[in-house]
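Colleague: Predicted structure and sequence below. I'll ask about it afterward.
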Amino acid sequence: MATDHINDIERKMIDNLRSGTYRTTAGIDSGSAWSTTDVNVFGQFPETEDTTYPAIVVEQIANGIEQQFMGQMVTSGSSSEAIGEIYGVGYDIHLAVNKFNSITVGGTPFKQRRLLNYLMLNCANVIMDCDFSSTDCDVLTRQFTGFRDMGYDPERELWVARCGMAITFKNTR
């Protein structure tokens, strides 16, 4: 039976974003930028009435990028003598904060644009530090495109930003 690498990768990213977990020192210690109740993480865009802020939306935007045939008799993890390719998947990660949101860090409340800046930095930490070793995925590379399209919507009173992430992995069959 084939492994569901794309969903495994997406699930791991979403779980880590929900907990805010990342490594702090040489892979030994881990920290958390927020608790699971501070930030709402969605695997797709929620209905408008279901959106709660601050929000992180993980949107798959590409599939099959970086496709390179590896041929026969390749090894990946514990498998051997497989046929496979290097395969990739791309995501846009959207952040949105409204005027009422606040997260207290070290006794200081972060709100509005300052909260968006805090979330951008720590969201990057979380997704770049995502450890896929508990999955069957043999992740080879990650490319983080950084945050762009940052702005403020005065009608909705939302501060928003978007970044991209591409992940390549071995797909053996």
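Modeller: Good, I have the coordinates. Numbering: from 1, shown residues only.
Colleague: Low-confidence ranges, this protein, go.
Modeller: The chain contains residues with pLDDT under 70 at 1-2, 25-30, 65-81.
Colleague: what about the helices in it?
Modeller: 5-19, 112-128 (DSSP state H).
Colleague: Could you dump these into a markdown table with distance to residue 168 and mean neighbour count added?
Modeller: No exception for glycine: its C-beta is placed from N, CA and C like everyone else's. Formatted as a markdown table, the helices of the chain follow (distance: least, CB to CB, whole Å; neighbours: other CB atoms under 10 Å):
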| stretch | distance to residue 168 | mean neighbour count |
| --- | --- | --- |
| helix 5-19 | 10 | 18 |
| helix 112-128 | 14 | 19 |
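Colleague: so which of those helices comes closest to residue 145?
Modeller: helix 112-128 (10.3 Å; CB to CB).
Colleague: Show me what the closest one is in contact with.
Modeller: 13, 16-17, 20-22, 33-34, 39, 54, 56, 93, 95, 97, 99, 101-103, 105, 110, 142, 144, 146-147, 150, 152, 159-161, 163, 165 (CB atoms under 8 Å, 6 or more residues apart in numbering).
Colleague: what's the answer for stretch 132-146, then?
Modeller: 3, 5, 8-9, 12, 66, 76-77, 86, 124, 127-128, 130, 163-170.
Colleague: Keeping just the C-alphas, turn stretch 156-169 into CSV.
Modeller: Output in CSV follows, covering the C-alpha atoms of stretch 156-169 (Å, rounded to 0.1, in the frame of the first residue of the first chain):
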residue,chain,number,x,y,z
ARG,A,156,-12.0,44.4,8.3
GLU,A,157,-9.4,45.7,10.7
LEU,A,158,-7.1,42.8,9.9
TRP,A,159,-3.3,42.7,9.7
VAL,A,160,-2.2,40.0,7.2
ALA,A,161,0.9,38.3,5.8
ARG,A,162,1.7,35.3,3.6
CYS,A,163,4.8,33.1,3.2
GLY,A,164,5.6,30.1,1.1
MET,A,165,7.1,26.7,1.8
ALA,A,166,8.2,24.0,-0.7
ILE,A,167,9.2,20.6,0.6
THR,A,168,10.8,17.8,-1.5
PHE,A,169,10.9,14.2,-0.4
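Colleague: Perfect, I'm done here.
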